[in-house]
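A.B. asks: With the sequence up front, the predicted model follows.
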Amino acid sequence: MEAVKIGRKKYKVEFVHSFTNNRRMGEIDYDARTITLGTHLGKRGRKLTDNEFVETFWHEVIHASLDDMRSDMTYDEKFVTGLAKRLVCVMRQPRNDNENNMVSQCAQGLRKLRKKVP
């Protein structure tokens, strides 16, 4: 998955070590149709956990989905964050005794996708 299709738009997924804003973990550029995910919190910060990494991905996907729907909630960070957290909470539940939960599987897929980011 180098890109994700959301509605009629295709968003490229890119990875960076971190953002200038030390609290930012991801961002979306609606015009360039790019979702950028950080792998670390701040320039010298710690590596994001699987939950943080996956939650950030879904956070940006929710922004794109709401934009596609022309929703008034597109820029409502509190709503988008709350929905992403709840989605990841559902994904964290074990699927069965023999499989990792969906958060682990999604994190593994995202990590395979990203280019080597120091």
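C.D. replies: Arrived safely. Keep in mind the model is a prediction, meaning the values are calculated, not measured.

A.B. asks: Longest strand of the chain, counting residues only.
C.D. replies: Ranked by residue count and defined by DSSP state E, the top strand of the chain is strand 9-16.

A.B. asks: Alpha carbons of that one, as CSV, please.
C.D. replies: The C-alpha coordinates for strand 9-16 follow below in CSV (Å, rounded to 0.1, in the frame of the first residue of the first chain):
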residue,chain,number,x,y,z
LYS,A,9,-9.2,10.6,-4.3
LYS,A,10,-6.0,8.6,-4.0
TYR,A,11,-3.6,9.7,-1.2
LYS,A,12,0.1,8.8,-1.3
VAL,A,13,1.5,7.7,2.1
GLU,A,14,4.9,9.0,3.0
PHE,A,15,7.1,8.7,6.1
VAL,A,16,9.4,11.1,7.9
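
A.B. asks: Could I get the average pLDDT for that strand?
C.D. replies: What strand 9-16 shows for mean pLDDT is 94.

A.B. asks: Just give me the longest helix of the chain.
C.D. replies: Selection of the longest helix in the chain by residue count, based on DSSP state H, yields helix 50-68.

A.B. asks: Might you report the residue contacts of residue 18?
C.D. replies: Residue 18 makes contact with 38, 39, 40, 41, 42, 43, 45 under the criterion C-beta atoms under 8 Å, 6 or more residues apart in numbering. Placement of C-beta: from N, CA and C, glycine included.

A.B. asks: mind redoing it with 6 Å?
C.D. replies: Taking C-beta atoms under 6 Å, 6 or more residues apart in numbering, we find residue 18 in contact with 38, 40, 42, 43.

A.B. asks: which of the residues you listed lies closest to residue 59?
C.D. replies: Of all the contacts of residue 18, the one with the least separation from residue 59 (C-beta to C-beta) is residue 38, at 11.9 Å.

A.B. asks: which parts of the longest strand of the chain are buried?
C.D. replies: The neighbour-count check on strand 9-16 (16 or more other C-beta atoms under 10 Å) flags 11, 13, 14, 15 as buried.
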